[in-house]
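Engineer: sequence first, then the predicted structure:
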Amino acid sequence: MFIAPAALGFVVFFLYPALRGFYFSLTQYNLLGTPQWIGFANFAEIPHDPLFWNSLKVTVEYVVLNIGFQTVIAVLLAVLMQRLTTSTLVRGALLLPWLISNVIAALTWFWLLDYQIGLVNQFLSWLGVDRIAFFADNFWAIPTIAMVNIWRNMGYTALLVFAGLQTIPRYVYEAAAIDGCSEWRAFWRITLPLLRPVLAMVLVLTVTGSFQVFDTVAVTTKGGPVNITRVIQFYIYQKAFADGQFGYASALSVVLFVILAVLAALQLRLLRAGESDLA
Amino acid sequence: MPTLSRRELLGLASASALAVTLAACGNGSSTGSSGATGDAAIDTSKASGEVTYWLWDNNQQPAYQKVADNFHAANPGITVKITQYGWNDYWTNITNGFVAGTAPDVFTNHLSMYPQFVSQNQLVPLDATLAKDGVKTDVFQKGLADLWVGPDGHRYGLPKDFDTISIFYNKALVSAAGVKDADLQSLTWNPTDGGTYEKMIAHLTIDVNGVRGDQPGFDKSKVKVYGLGLDGGSGGAYGQTQWSMYTGTTGWTFTDKNPWGTHYNYDKPEFQNTMAWMRSLIAKGYMPSLQAVTGTASADLFGAGKYAMITNGSWMIKQMFSYKGVQTGLAPTPTGPSGKRSSMFNGLADSIWVGSKNKPAAAKWVEYLGSAAAQDVIGQAGVVFPAIPSGTQAAQAAFKAAGVDVTSFLMQVNDGTTFLFPITEHATQIGNIMQPAVDAVFTGQSPANSLTSANQQVNALFTS
């Protein structure tokens, strides 16, 4: 009985929409018409869709950059937070970017990094460096978008890791110190192994979130120029709300769902998230 | 109003949904597609109550509020409630409103959107009602009223305003190049060498060392001022403010016929040569690359003194003349191989939603918006050109009073050098095919003849 409120929410806001979305993926549907059953035709079409493969490639590039840098920076920040300061002010400041709305963060960077009148490019040209079309260059666009989101999310990720660090008992470090263990060695031999279950949780959360990058692209490049920033969520959105192909868009969503589910399961398994080395 | 997004096509596609009903899985929407209402006249004689009206241009909201107040004074029983949304939210809200049953009674409609709405049976046909109430549709600028007659022969909108294209130029940058205003009024263009127009663009371009684009030693990688700006991107399928004023002078047309063409001509050499010429301007450093214009709106870049000239639409006049410290001038678009100028002629109209709960009052409001009484008031606000000639003149006078000579825009209408915005089915999908394709030509990633295969994709939409 006590789970009834949660279960109700799950059914109304998750299960029903998910099942309905799955049903739409088996139809041809343009929102104002009536869904027309076409079986697995949408799914059969996906492997032959070059834009799908492009969006997957772009998204994976984004996720690798985003998660790679974000996780390293977050762990670094968390360790610094634990070892160097107890100041709430400093710890709070790290979290500040995360308190800014995604859209505002994206638009602010979009403006700062503008090719012709952006502040950053102005500095670059003073230094005698060529201007960079951060959001539109073939090479820079995805790294730039990844950077914006790393900047925004690193504080929050660091906070999660920091919470994990607090669960590691002090006596382990004290014992290590008595044995003459260096700070660097303690980090690799004690901190990281004991942090593993928390890191697994953080990775599953951030990788899933990272695959679903949308707002940063939607308010800045809108997938362009050509297709270089057309991440999968934005492609799905365009198919559904611009092209009116709700059935095909739903099928793409189902594919993304499967990818994320497999990735999450893999991460949990590889990182043995269910057990701790502390016992 | 974000100018770049004016040409973005959001909303729903015009897929011709076959009415195969799945009994087990009914339509979740409250209105659904109830089918065409037919063309029965709406009785406006006893209209009363509230009418909701949406528009996207916040520059025009005050003028429309004034019109609504006048309307209320003449029809005390009817109150008009005006809501404004930005261009992007506007179309999402409209289409979501169609499904959820919360769309407005009357709304400002755009030529790129209405074919889809017609095929989805979302608009009320107006012919019988207008005929019954004696509303004339031949009072508007030539051609505008025809745009709003659907493929079924019914009228789905009453024209409200129109726009054409001109060159906006920065007077200080132009005179610094030793160019007189009069020199810009009679430029000629061709897709081969760009004519006197390209020479002018090259001369107005200047690099960080002060070398002009037509002088030896010009460094195209460090341009300070571009001779010609680029409005937000490649222009995708229509190039309304980017290249349509050039292609229009080559004898090229977008489609086999307009409105309601069923075959696009993006494979023709006249079009592809023009795209190649646009690319050459970027390669020479006379016009910013696509990468360089991804970001700040083109009008703001013009205001920041980055462009000597830029082609843009009449809806931008107020903004382009509002930048502090920038003296803006206007010149007509160049004459091309045909010996004439050319401008896309785009028009807006007011339409009634099929789900409106108060159609009599809605119809009465639309009829009023299509009258000289309303359009003269809009014209006096000096923001856009109303569709009725007296309103257009009122706008011209209002612009003149504000120190802006809009002759270059109206010249295209008076000389008959306008061509209508191409109205066809599948506008959104066409936009999604052509945007990356034309982008790729502008970035130099693909040659202009790659547009032939994009054209095949576009035309395949009409055969399936």
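Structural biologist: Thanks, I have the structure now. Numbering: from 1, shown residues only, chains lettered A, B, ... in the order given.
Engineer: middle-most residue in chain A, spatially?
Structural biologist: residue A:210 (1.7 Å; Cα atoms, centre = their mean).
Engineer: export the helix or strand hosting that residue as PDB, just CAs?
Structural biologist: Assigned by DSSP states H and E, residue A:210 falls within helix A:192-211. Presented in PDB, the C-alpha positions along helix A:192-211 are these (Å, rounded to 0.1, in the frame of the first residue of the first chain):
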ATOM      1  CA  LEU A 192      38.800   5.300  -6.300                       C
ATOM      2  CA  PRO A 193      38.100   1.600  -5.400                       C
ATOM      3  CA  LEU A 194      35.900   2.600  -2.500                       C
ATOM      4  CA  LEU A 195      34.200   5.300  -4.600                       C
ATOM      5  CA  ARG A 196      33.300   2.700  -7.300                       C
ATOM      6  CA  PRO A 197      29.600   2.200  -6.400                       C
ATOM      7  CA  VAL A 198      29.000   5.900  -6.300                       C
ATOM      8  CA  LEU A 199      30.900   6.500  -9.500                       C
ATOM      9  CA  ALA A 200      28.800   3.800 -11.200                       C
ATOM     10  CA  MET A 201      25.600   5.600 -10.200                       C
ATOM     11  CA  VAL A 202      27.000   8.900 -11.300                       C
ATOM     12  CA  LEU A 203      28.100   7.500 -14.600                       C
ATOM     13  CA  VAL A 204      24.800   5.900 -15.300                       C
ATOM     14  CA  LEU A 205      23.000   9.100 -14.500                       C
ATOM     15  CA  THR A 206      25.300  11.400 -16.500                       C
ATOM     16  CA  VAL A 207      25.700   9.100 -19.500                       C
ATOM     17  CA  THR A 208      22.000   8.800 -19.800                       C
ATOM     18  CA  GLY A 209      21.600  12.500 -19.400                       C
ATOM     19  CA  SER A 210      24.400  13.200 -21.900                       C
ATOM     20  CA  PHE A 211      22.800  11.000 -24.600                       C
END
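Engineer: thought the residue nearest to the centre of chain A was touching residue A:62?
Structural biologist: Yes. Using Cβ atoms under 8 Å, residue A:210 is in contact with residue A:62, at 7.0 Å. Glycine gets a C-beta too; all of them are placed from N, C-alpha and C.
Engineer: which parts of the chain are strands?
Structural biologist: Since no chain was named, I'll use chain A. Counting by DSSP state E, chain A has strands at residues A:27-28, A:36-37.
Engineer: my bad, the chain I had in mind was chain B
Structural biologist: Under DSSP E, chain B gives strands at B:49-55, B:78-84, B:106-110, B:158-163, B:165-170, B:206-207, B:223-228, B:307-313, B:328-331, B:343-352, B:385-386, B:418-420.
Engineer: turn the ones you listed into a markdown table, columns for mean pLDDT.
Structural biologist: Shown next, in a markdown table, are the strands of chain B (pLDDT from 0 to 100):
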| stretch | mean pLDDT |
| --- | --- |
| strand B:49-55 | 95 |
| strand B:78-84 | 96 |
| strand B:106-110 | 95 |
| strand B:158-163 | 94 |
| strand B:165-170 | 97 |
| strand B:206-207 | 95 |
| strand B:223-228 | 95 |
| strand B:307-313 | 96 |
| strand B:328-331 | 96 |
| strand B:343-352 | 94 |
| strand B:385-386 | 96 |
| strand B:418-420 | 93 |
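Engineer: out of those, flag the one nearest residue A:41.
Structural biologist: Nearest of the strands of chain B to residue A:41, taken as Cβ to Cβ: strand B:106-110 at 32.6 Å.
Engineer: so the closest residue to residue A:98 other than its chain neighbours versus chain B, what's the distance?
Structural biologist: Leaving aside its chain neighbours, residue A:98 sits nearest to residue A:156 (4.1 Å; criterion: Cβ to Cβ, 6 or more residues apart in numbering or on different chains). Going from residue A:156 to chain B by Cβ to the nearest Cβ, to the nearest Å gives 27 Å.
Engineer: just checking, residue A:156 touches residue A:100?
Structural biologist: No. The pair residue A:156 / residue A:100 is not scored as a contact, 11.3 Å apart, by Cβ under 8 Å.
Engineer: these two: who's more crowded?
Structural biologist: Neighbours were counted for residue A:156 and for residue A:100 using other Cβ atoms under 10 Å in any protein chain shown; residue A:156 has more, 19 against 13.
Engineer: quick check: the gap between the more buried one and residue A:201.
Structural biologist: 13 Å (Cβ to Cβ, to the nearest Å).
Engineer: likewise residue B:402?
Structural biologist: 62 Å.
Engineer: of those two, give the one with the bigger neighbour count.
Structural biologist: residue A:201 (17 against 11).
Engineer: report pLDDT for the more buried one.
Structural biologist: With respect to pLDDT, residue A:201 scores 89.
Engineer: try residue B:2
Structural biologist: Reading off the model, residue B:2 has pLDDT 37.
Engineer: still on that earlier bit, now do the contacts for the residue nearest to the centre of chain A.
Structural biologist: In this structure, residue A:210 makes contact with A:62-63, A:66-67, A:149, judged by Cβ atoms under 8 Å, 6 or more residues apart in numbering or on different chains.
Engineer: turn those residues into JSON lines, columns for pLDDT, neighbour count and distance to chain B.
Structural biologist: As requested, the contacts of residue A:210 are arranged in JSON lines below (pLDDT from 0 to 100; neighbours: other Cβ atoms under 10 Å in any protein chain shown; distance: Cβ to the nearest Cβ, whole Å):
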{"residue": "A:62", "pLDDT": "96", "neighbour count": "24", "distance to chain B": "17"}
{"residue": "A:63", "pLDDT": "96", "neighbour count": "21", "distance to chain B": "22"}
{"residue": "A:66", "pLDDT": "95", "neighbour count": "26", "distance to chain B": "20"}
{"residue": "A:67", "pLDDT": "95", "neighbour count": "20", "distance to chain B": "25"}
{"residue": "A:149", "pLDDT": "94", "neighbour count": "26", "distance to chain B": "18"}
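Engineer: nearest to residue A:88 among the residues you listed?
Structural biologist: Nearest member of the contacts of residue A:210 to residue A:88, counting by Cβ to Cβ, is residue A:149, at 25.4 Å.
Engineer: next up, the contacts around the closest one.
Structural biologist: Residue A:149 touches A:66, A:70, A:210, A:213, A:216, counting by Cβ under 8 Å, 6+ apart.
Engineer: measure the fourth one to residue A:25 for me?
Structural biologist: So the one you mean is residue A:213. 22 Å.
Engineer: quick one: pLDDT of the closest residue to residue B:171 other than its chain neighbours?
Structural biologist: In space, residue B:171 comes closest to residue B:327 once its chain neighbours are excluded; the distance is 3.8 Å by Cβ to Cβ, 6+ apart. Residue B:327 is assigned 95 on the pLDDT scale.
Engineer: likewise for residue B:384?
Structural biologist: Looking at residue B:384, the pLDDT reads 92.
Engineer: and what of the one 5 residues further on?
Structural biologist: Each residue has a pLDDT score; the one for residue B:389 is 94.
Engineer: against chain A, how distant is the closest residue to it other than its chain neighbours?
Structural biologist: In this structure, residue B:389 finds its nearest non-sequential neighbour in residue B:141, 6.3 Å apart by Cβ to Cβ, 6+ apart. Using Cβ to the nearest Cβ, residue B:141 is found at 31 Å from chain A.
Engineer: residue B:104 now?
Structural biologist: 17 Å.
Engineer: now do residue 233, the pLDDT please.
Structural biologist: Went with chain A since none was named. Looking at residue A:233, the pLDDT reads 94.
Engineer: sorry, should have said chain B
Structural biologist: 90.
Engineer: same question for residue A:64.
Structural biologist: pLDDT at residue A:64 comes out at 96.
Engineer: can you report how many residues lie near the residue nearest to residue B:389?
Structural biologist: Residues near residue B:141, counting by other Cβ under 10 Å: 22.
Engineer: ok so, going back, can you say which of the strands of chain A is nearest to chain B?
Structural biologist: The closest of the strands of chain A to chain B is strand A:36-37. By Cβ to the nearest Cβ, the value is 4.8 Å.
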